[in-house]
Structures are given as structure tokens and as C-alpha cells.
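**Q** build me a structure from this.
(one chain, ligands or ions: 1)
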Amino acid sequence: MIINGKEISEKRLAALKEEIKTSGLNPCLATVIVGEDPASQMYVRMKHKACEQVGIKSTGVVLPENSTTKEILAEVEKLNSDNLIHGILVQLPLPKHVDTEAVIEAVSPEKDVDGFHPYNTGRLFSGMPEFVPCTPGGIMTLLKEYKIETSGKKAVVVGRSVDVGRPMAALLINADATVTVCHSRTKNLEDEMKAADILISAIGKAKFVTAEMVKSGAVVIDVGINQDENKRLCGDVDFESVKDKVSAITPVPGGVGPMTIATLMENTLKSAKMHAKL
Ligand SMILES: Nc1nc2c(c(=O)[nH]1)N[C@@H](CN(C=O)c1ccc(C(=O)N[C@@H](CCC(=O)O)C(=O)O)cc1)CN2
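**A** Numbering: from 1, shown residues only. Coordinates of the predicted model:
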């Protein structure tokens, strides 16, 4: 089975549009982008377009590549204190000279729709999630939509990044899976991967995962955003070799990516609802 993230994200966005229309709320998302990385510019454009699609207001702060950490923090502070803004996201990666952790920590936890602030990661790891990072959150939605059982399953997450691998592991633990996190220092990576009922690949290497590395009937979720030898977008998984061996697999494009954006929209509405109660 091919897990169609594009279709599920469209369905979720349509439901969100209806909910916002009747909610009486005026959710608003602010994006911050530093520099001119074309991929980051494209993702930010996609986020503003999704806002328009569902009826969320959006506003964008664009800062030059050579902005200092202090200048970025000042912009984030302005957004924190603007009562009309419910969600703030700083597009990552930031330029190398910027203190990314300081910027992430500067976003008010109540507006942290990316779920990257230590307050929100702490809540997630304590089993009391509030804002969940959008990519792993979107993956959990896909698993639920396709009725893929997690309880008691062996899940292997390859990658330990703060934005994907770690929160993914926490979400799977919260969903009663038995979770192994693998990374660049893991011994016998292939053996670990082959033991997985659910394999989440966030490695960042084009077509790294081949059929020999996955168990028959496993569920394979591909978080990779890479380019193949012909400069075409591809995932971490060699889709053609793996798809016939597994019970379910996400394609790239059209799998996890669209769910990242749909989850961001859901988090923004959630934030607007929380602010309305304050
Ligand atoms: N502040 C954040 N920065 C980044 C995040 C994030 O969640 N918050 N995630 C990624 C990039 N990202 C969103 O920002 C993102 C990546 C990919 C997609 C997507 O829909 N991809 C499509 C293909 C699009 C294409 O044609 O290239 C797909 O997979 O089908 C959406 C969002 C890093 N930074």
C-alpha cells in the first residue's frame, strides 16, 4: 500500500477550513525567514499558500542573510508581543553564524507552532504534548488515518535530530511502540533496521534504504528530502526496490512533506483556540 500524504493533507486542510469558518476565530501565523535559500523560500511560500487555502491570516518577516542573532531575536520579540499573532515559526536552517538554539528559545512557547521550544519538547517527552513538531506530528496522523497499529510494535527511527528523530521517538513511545533510535554511531544499523515493524527514515541520504535492509511486511516512512543523480527530488528510501516488499510506504514527493504543512495549520488553529481561552 502506498500512503498518500498529499491526499490526507488535502482532506485535513478542507476540514480545517470548515472549522475555521465557523469558529469565530481569526488565527494568524507569522513566518520568519533569514537569507535567500531557495528551498526555505519555497517552504515558506507553501506555508503562506496553505494559510490562504484554509482561512488563516499570515504575515512574513524576511531578514537578510547577514542578520545577527540579536537582530533576529528582536524581530521574534515583536511577534511575541503582538496579540493578533497566534503562531510564530522561524524557518530552518538558519545561516551558520546564527545561534539557532537562542532563536528557538526566544519564540514564546504559547506561539511555538513548530513545537521546537524546549518547553514543548519537554511536554512531549513527559507524555503531555501541546505543540508537536509538524513533521513527526504529521507522520502520526498518517499512521492513524491508515489505521496502522503502533501499540506493541517495534519502531526504529533512523536519525536523532531535534526537529524529527527525537520527537518522532517520543510520539511513538507515547503511542505504546517499542522504540529504537539509530544514528551515525549505531553499530549494525542494518540489523536494527531489519528488525523494525515500523521504520522511520530521517537520514538525509538519497535512496540509502534498500530492500535488503527492511523486513517483509514492514511499514516504511520516508522523511528524506534529497536529490537523486538526476537532481530530482527523492527520499532516503529506494522506493522502487522497497515498495513490493513492505505492507505500506510513503513516497517522496507526496508522502510526509505535505503533512508537515497540514500539521502546521492545525497547530496554528490550536494556538488561536488556546489564546481565545486566555
Ligand atoms: N521551521 C521549520 N523549518 C523546517 C521544517 C519545519 O517543520 N519547521 N521542516 C523542513 C522543511 N519543510 C517545512 O518547513 C517542508 C519540507 C517539505 C515539504 C513538502 O511538502 N515537500 C513536498 C515536495 C515539495 C517539492 O517539490 O520540493 C513533498 O514531499 O511532497 C513541506 C515542508 C525543514 N525546515
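**Q** can you name the residues in contact with stretch 30-48?
**A** Stretch 30-48 has contacts (CB atoms under 8 Å, 6 or more residues apart in numbering) with 29, 58-65, 67, 72, 75-76, 79, 82, 85, 87-95, 98, 225, 261, 264. Yep, even glycine has a C-beta here, placed from its N, CA and C like the rest.
**Q** those: which ones sit near the ligand?
**A** Residues shared between the contacts of stretch 30-48 and the neighbourhood of the ligand are 89-92, 225, 261 [CB under 6 Å from any ligand atom].
**Q** these in strands, which ones?
**A** 89-90 (DSSP state E).
**Q** reformat the ones next to the ligand among the contacts of stretch 30-48 as TSV; add pLDDT, distance to residue 49 and neighbour count.
**A** Shown next, in TSV, are these (pLDDT from 0 to 100; distance: CB to CB, whole Å; neighbours: other CB atoms under 10 Å):
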residue	pLDDT	distance to residue 49	neighbour count
89	98	15	25
90	98	19	25
91	98	14	19
92	97	19	16
225	96	18	19
261	98	9	22
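**Q** residues of the stretch 51-200 of the chain that sit close to the ligand?
**A** Residues of the stretch 51-200 of the chain lying near the ligand (CB under 6 Å from any ligand atom): 89-92, 114, 134-135.
**Q** where do the helices of the stretch 151-278 of the chain begin and end?
**A** All helices of the stretch 151-278 of the chain, identified by DSSP state H, counting those that start in this stretch, fall at 165-174, 189-194, 239-242, 256-277.
**Q** and the ones next to the ligand among the contacts of stretch 30-48, which is closest to the ligand?
**A** The nearest member of those to the ligand, counting by CB to the nearest ligand atom, is residue 92 at 3.7 Å.
**Q** how near is the closest one to residue 198?
**A** Using CB to CB, to the nearest Å, we find residue 92 at a distance of 26 Å from residue 198.
**Q** do residue 230 as well
**A** Distance, residue 230 to residue 198, using CB to CB: 30 Å.
**Q** just residue 97 next, same as before
**A** Using CB to CB, we find residue 97 at a distance of 38 Å from residue 198.
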